[in-house]
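In: Give me the fold of what follows.
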Amino acid sequence: MPVFFTPDHEWIDSDGATATVGITMHAQDALGDVVFVDLPAVGTTLKKGEVAGVVESVKAAADLYMPAGGEIVEVNEALRDDPSLANSDPQAAGWFFKVRLSDPAETSSLMDKAAYDELVKSL
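Out: Now for the predicted structure:
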């Protein structure tokens, strides 16, 4: 499945039933050096748009929002140990968590890469 993006600069890569979530390259550029991530607990159920965690950098702190609702099934422990992964590889090794989607159709309202790239250009 394709990767989708939120206006809040999260990405979500879904196989239909589960999805991996992280922050975009633009988000990590804006934040600067990430020094801490607060990830949701496995088993937590969150709705689309709810705060799932916090990313702290040397410049700022930012909330991480759920791009689609569901249950957290895994968190990236490597990211907890080395938050700089969010900077060096935000859309691969720097992923934040995996979620079992309660309604996979919620991703249809998100942006594709072309639309997200247009959003970023306008900022």
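In: And the helices in this protein, which stretches?
Out: Per DSSP state H, the chain carries helices over the ranges 25-31, 77-81, 85-88, 113-121.
In: could you dump the first one to CSV, C-alpha only?
Out: Coordinates of each C-alpha in helix 25-31 appear next as CSV, following Å, rounded to 0.1, in the frame of the first residue of the first chain:
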residue,chain,number,x,y,z
MET,A,25,11.4,14.4,6.8
HIS,A,26,9.9,17.9,6.9
ALA,A,27,8.9,17.4,10.5
GLN,A,28,12.3,16.3,11.6
ASP,A,29,13.9,19.2,9.7
ALA,A,30,11.7,21.6,11.5
LEU,A,31,12.3,20.1,14.9
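In: for it, packing partners?
Out: Here helix 25-31 touches strand 51-57, going by 3 or more CB pairs under 8 Å, 6 or more residues apart in numbering; DSSP states H and E. C-beta coordinates here come from the backbone N, C-alpha and C atoms, glycine included.
In: Show me what the strand it packs on is packed against.
Out: Counting by 3+ CB pairs under 8 Å, 6+ apart, strand 51-57 packs on helix 25-31, strand 34-38, strand 61-65.
In: Now Thr18: closest residue in space, sequence neighbours ignored.
Out: Nearest residue to Thr18 in three dimensions, chain neighbours excluded: Arg100, at 5.3 Å (CB to CB, 6 or more residues apart in numbering).
In: one step back: need the helices of the chain in TSV (columns: mean pLDDT, distance to Leu64 and mean neighbour count).
Out: Output for these, formatted as TSV (pLDDT from 0 to 100; distance: least, CB to CB, whole Å; neighbours: other CB atoms under 10 Å):
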stretch	mean pLDDT	distance to Leu64	mean neighbour count
helix 25-31	94	9	18
helix 77-81	95	11	13
helix 85-88	96	10	20
helix 113-121	96	16	13
